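Engineer: predicted model follows, preceded by the sequence.
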Amino acid sequence: MSDLREGVRRVFVESLSSAWFVELLRAIRRNRCAIVVMHRFATDHGVHIGHDPVAFRQLLSSLRKHRVSLVDVETAVRQYDDNESPGSANGLSVAFTIDDGYDDLLNVGEPIFAEFDCPFSAFVVPDVIEGKTWFWWDQVDWILRHSDRRAGTLALSERELRFAWSDEASRLAARTDIEQSLKQLSHNHLLSALDQLAQGAGVTLPVRAPAEYRVLDWNALRSAEARGVRFGAHSRSHPILSRCTDEHSHTEIMSSVVAVRSQFQNPVPMFCYPNGCDADFGTREYASVTSAGLRYALSTAPGVLQPKMADRFGNDWRMRIPRISYGESAGHIYRSFL
Ligand SMILES: [Zn+2]
């Protein structure tokens, strides 16, 4: 990009965080709430790419400076549910959610949220917490990091995926290609493809997650709840539900909700779909979430809460609540209100 274009782009992005822009939003978009989905924070020792703590602190500072309300996700959703609290939504608000429950959530994220008195909720996965499995994308990452080889193939149902890497950037690109391909498979095929990948790479996958991929245990989570953090269910083992059989999908939802209820005093009364794009769940999952006794489910379909959700999106909106991905600048959130 030329210096001039880069300069124009920077001025434009910075203007989206400026006071006049937020006041304009407040005037033209009176009642909007963005639910932000985050995953991992960067750490000094981690092998993962995470959210930069410095940028996150600046983001929360901007939201506070511009008097954007920072609310708990349950409060956020109920204020747009006219059956619960008609017409209560007011102004611009943001709710933060963090999926998966890695340890940097409390080590890095919690102190920054506390600094700005900002509530947040996290969605956790019992089988991973209990060491029965670890996240499949972390297994892909581990395989590529530990293989002596620098190329491989993966026989998928209709094609063969070829990949190769020579440095960190090409390794990350190969990992992304593999992940995207695995997401298309049925859950059982995905598990056998992981075995095939490990075999082809000449490595043996550890049964338990290595330290860099570990999530928080129940004790740590319960201590965090006592400090005000809220937790909800994010499936039993984090498969993509639409790629599971009827029975498996139902069990993933029901048993994770039961586990979360048994561990926490005040769990978030919402289910959070693994992966969460529109193709990853459907009416079958809505029925399971409802039979688990929950009224709401969070997706990663982009969008914000706004008045008259049912009129705009149908009564099913409660089972497909939109969230915006974290973008490391307050401007990214302000833009979502447009
Ligand atoms: Zn997740």
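Structural biologist: Yes, it's here.
Engineer: going forward, measure contacts and count neighbours with C-alpha atoms only.
Structural biologist: Will do.
Engineer: around the ion, pick out the residues from the stretch 51-200 of the chain.
Structural biologist: Asp99, Asp100 (Cα under 5 Å from the ion).
Engineer: where in the stretch 51-200 of the chain is pLDDT low?
Structural biologist: Scanning the stretch 51-200 of the chain for pLDDT under 70 picks out 87-89.
Engineer: what about the nearest residue to Phe231 once chain neighbours are set aside, is that helix, strand or coil?
Structural biologist: Leaving aside its sequence neighbours, Phe231 sits nearest to Ala122 (Cα to Cα, 6 or more residues apart in numbering; 4.9 Å). Using DSSP: H, G, I helix; E, B strand; the rest coil, the structure places Ala122 in strand.
Engineer: now Ala122, which residues is it bridged with?
Structural biologist: Ile98, Phe231 (DSSP bridges).
Engineer: for it, give me its contacts.
Structural biologist: Thr97, Ile98, Asp99, Asp100, Gly101, Val229, Arg230, Phe231, Gly232 (Cα atoms under 8 Å, 6 or more residues apart in numbering).
Engineer: the fifth one touches Ala220, doesn't it?
Structural biologist: Okay, so that is Gly101. No: applying Cα atoms under 8 Å, one finds Gly101 not in contact with Ala220, separated by 10.5 Å.
Engineer: between these two, which one's more packed in?
Structural biologist: Using other Cα atoms under 10 Å as the criterion, Gly101 and Ala220 rank with Gly101 on top: 23 against 13.
Engineer: list the contacts for the more buried one?
Structural biologist: Applying Cα under 8 Å, 6+ apart, the residues near Gly101 are Ala122, Phe123, Val124, Val125, Val215, Leu216.
Engineer: output those residues in a markdown table; the columns should cover distance to Ala114.
Structural biologist: Below are the contacts of Gly101 laid out as a markdown table (distance: Cα to Cα, whole Å):
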| residue | distance to Ala114 |
| --- | --- |
| Ala122 | 15 |
| Phe123 | 18 |
| Val124 | 20 |
| Val125 | 24 |
| Val215 | 21 |
| Leu216 | 19 |
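Engineer: tell me the one of those residues nearest Leu294?
Structural biologist: Phe123 (14.4 Å; Cα to Cα).
Engineer: how near is that closest one to Ser170?
Structural biologist: 31 Å (Cα to Cα, to the nearest Å).
Engineer: same check, this time on Ile129
Structural biologist: 31 Å.
Engineer: and Val257, by the same measure?
Structural biologist: Val257 is 39 Å from Ser170, by Cα to Cα.
Engineer: which one of those two has more residues nearby?
Structural biologist: Between Val257 and Ser170, counted using other Cα under 10 Å, Val257 has the larger neighbour count: 27 against 13.
Engineer: surely that one and Phe231 touch.
Structural biologist: No: look at Val257 against Phe231 with Cα under 8 Å: they stay out of range, at 10.7 Å.
Engineer: quick check: the gap between Gly46 and the ion.
Structural biologist: Here the criterion is Cα to the ion, to the nearest Å. By it, Gly46 lies 18 Å from the ion.
Engineer: residues touching that residue, list them.
Structural biologist: With Cα under 8 Å, 6+ apart, Gly46 has these contacts: Glu212.
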